[in-house]
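1. next come a sequence and a model predicted from it.
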Amino acid sequence: MQTNRTFTMIKPDAVANGHIGAIIDQITKAGFKIVAMKYTSLSSEMAGQFYDIHRERPFFKDLVSFMSSGPIVAAILEKDNAIEDFRKLIGATDPQKAEVGTIRQKFAKSIDANAVHGSDSDENAQIEGNFFFSAFERA
Ligand code: CMP
């Protein structure tokens, strides 16, 4: 089912480096409507649960440790073709491979500290949005 929604996090590196405003500005200028947004932190248990699909990957421990290292901004975004358009806007997972002008190319330093998360499917966008926001907040 296509929902026209995606889920994003502004990760601890981008928050610590003062890029929240610039990243939200780029997201809204690209035509995404903010459905829900919160500034919060993840414990290592919560980060592990959020990234459960990567539990067997070699980078899982570092990912959990990084994602629980400082505050993040979580948001549900809405736009036609949201998943694909948002992944184009943020660029490749590895910022060294991200196209010029993309959020990761502009604000990220490494594959771990890659500034933002973007859901990879409608199904995961729904799971990830539900992880952070109540039904009332997502309405
Ligand atoms: P994200 O889109 O949040 O989803 C999983 C994260 O794991 C990814 O961004 C990266 O920050 C991190 N990661 C670290 N190493 C790798 C890797 N080799 N391949 C994919 N993701 C990685």
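-> Now that the structure is in, tell me what you want to look at. Residues are numbered from 1 along each chain as shown.

2. quick one: name the residues of the chain near the ligand.
-> His54, Phe59, Leu63, Thr93, Ile111, Asp112, Asn114, His117 (C-beta under 6 Å from any ligand atom). (Glycine included, C-beta is placed from N, CA and C.)

3. skip the chain neighbours and tell me the closest residue to the first one.
-> It refers to His54. Among residues not flanking His54 along the chain, Phe60 sits closest, at 5.2 Å (C-beta to C-beta, 6 or more residues apart in numbering).

4. roughly how far does that neighbour sit from Phe131?
-> With distances taken as C-beta to C-beta, to the nearest Å, Phe60 is found 17 Å from Phe131.

5. per-residue confidence at Thr3?
-> Per-residue confidence (pLDDT) for Thr3: 72.

6. check what pLDDT the nearest residue to it once chain neighbours are set aside gets.
-> Leaving out its chain neighbours, the residue that sits closest to Thr3 by C-beta to C-beta, 6+ apart is Asp122, at 5.3 Å. On pLDDT, Asp122 comes in at 97.

7. give me the number of residues near Asp122?
-> Residues lying near Asp122 (other C-beta atoms under 10 Å) number 16.

8. phi, psi for it please.
-> The phi and psi values for Asp122, taken as degrees, to the nearest 10, are phi -60, psi -40.

9. ok so, going back, more neighbours: which of Phe60 and Phe131?
-> Ranked by neighbour count (other C-beta under 10 Å), Phe60 and Phe131 place Phe60 first, with 16 against 13.
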